[in-house]
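Engineer: pasting a predicted model and its sequence here:
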Amino acid sequence: MSTALITGGSRGIGREICAAFARAGYDVAFTYTKDEAGARETVRRIQEAGAGALAFRCDVSDAAAVRAMFGQIFGLSVLVNNAGIAFYGDMQSTTPDILRRLFAVNVEGAFYCMREAIGKFLARGEGSIVNVASVWGETGGSCEVGYSASKAALIGLTKAAAKELGPSDIRVNCVSPGMVDTDMTACLSAEAKAEFCSALPPARAGTPAEVAEAVLFLAKQRFMTGEVLRVNGGCLI
């Protein structure tokens, strides 16, 4: 059986991605940092779908920890870089430490995982990487300059890696969600969410399960690479 590794799998979009791959017949490994109760719930969801589950407490911004984790994963066929953090605040309140941490998790973490996965994919003869970016990585978000910049960098990393790894039958794609009901958007007021969603054709926020479906779709595609698949309710129309 093939294994899918999903970073940031203890809640929200990451948990739904884990469950989607389990239902699709993959064994699932995932990372988390602090939420042990959430990790146990994700394991339960994976096993409920009849798949094997491995949970790793791993900060993806730590290159040594990522390397050690990959040494314990076998049969890897899909990597999903979902782990991410956000910061809501104007540029003046975005300190150097905040900016560095955003890039460490959102960009460097994905890079470290991709770098470790390549050897396993080369030995297998093929592989698929899906990075989870954001609509703000495409358009920029006011008061989310650091987050937007990190997600724009992740999109650039996706496209460059797709060119480099394509000849080895390793596909690299990206999902770009819009407003999705997760813990990351919980800091927004109900009024702010309603105002944003009212301008969308479906007039609602997306769900983690809908993003997970898009990730699984890209992971299975053999002739798509370097793509940014928008799951944003039409906010860029």
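Structural biologist: The structure has been received and is ready for your questions.
Engineer: backbone dihedrals for the residue nearest the centre of the chain, please?
Structural biologist: Nearest to the geometric centre of the chain sits residue 82, at 1.8 Å (CA atoms, centre = their mean). Residue 82 has phi and psi values of phi -110, psi -20 when expressed as degrees, to the nearest 10.
Engineer: close enough to count as contact, it and residue 13?
Structural biologist: Yes - between residue 82 and residue 13 there is a contact at 6.1 Å, judged by CB atoms under 8 Å. C-beta here means a position set from N, CA and C on the backbone, and glycine is covered the same way.
Engineer: could you name every residue contacting both of those two?
Structural biologist: Shared contacts of residue 82 and residue 13, defined by CB atoms under 8 Å, 6 or more residues apart in numbering, are found at residue 132.
Engineer: that older thread, residues in contact with the residue nearest to the centre of the chain?
Structural biologist: Going by CB under 8 Å, 6+ apart, the list of residues near residue 82 reads 6, 7, 8, 9, 13, 14, 17, 132, 215.
Engineer: could you give the bridge partners of the first one?
Structural biologist: According to DSSP bridges, residue 30, residue 80 are recorded as the beta-bridge partners of residue 6.
Engineer: how far away is it from residue 208?
Structural biologist: Separation of residue 6 from residue 208 (CB to CB, to the nearest Å): 12 Å.
Engineer: of those two, who's got more company?
Structural biologist: residue 6 (31 against 20; other CB atoms under 10 Å).
Engineer: distance check, the more buried one against residue 44.
Structural biologist: 15 Å.
Engineer: ditto for residue 89
Structural biologist: Noted for residue 89: a distance of 35 Å to residue 44, by CB to CB.
Engineer: again with residue 51
Structural biologist: Residue 51 is 12 Å from residue 44, by CB to CB.
Engineer: out of the two, which sits in the more crowded spot?
Structural biologist: Between residue 51 and residue 44, residue 51 has the larger neighbour count (other CB under 10 Å), namely 21 against 12.
Engineer: next helix or strand past the longest helix anywhere in the chain?
Structural biologist: The longest helix of the chain (DSSP state H) is helix 145-165. Sequence-wise, the next helix or strand downstream of helix 145-165 (DSSP states H and E) is strand 170-177.
Engineer: if you count neighbours, what's buried in the helix or strand following that next one?
Structural biologist: With elements assigned by DSSP H and E, the helix or strand that comes after strand 170-177 is helix 190-198. Buried residues in helix 190-198, defined by neighbour count with 16 or more other CB atoms under 10 Å: 193, 196, 197.
Engineer: stretch 25-42 now?
Structural biologist: Applying 16+ other CB under 10 Å to stretch 25-42 flags 26, 27, 28, 29, 30, 31, 32, 33, 35, 38, 39, 42 as buried.
Engineer: span of that stretch from start to end?
Structural biologist: 16 Å (CA to CA, to the nearest Å).
Engineer: on that earlier part again, need the pLDDT of the residue nearest to the centre of the chain.
Structural biologist: Residue 82 is assigned a pLDDT of 98 by the prediction.
Engineer: quick one: average pLDDT of stretch 125-143?
Structural biologist: Rounded mean pLDDT across stretch 125-143 is 97.
Engineer: same question for that stretch: list its buried residues.
Structural biologist: Those would be 127-138, 141, for stretch 125-143 by 16+ other CB under 10 Å.
Engineer: can you check stretch 221-229 too?
Structural biologist: Judged by neighbour count (16+ other CB under 10 Å), stretch 221-229 contains these buried residues: 225, 226, 227, 228, 229.
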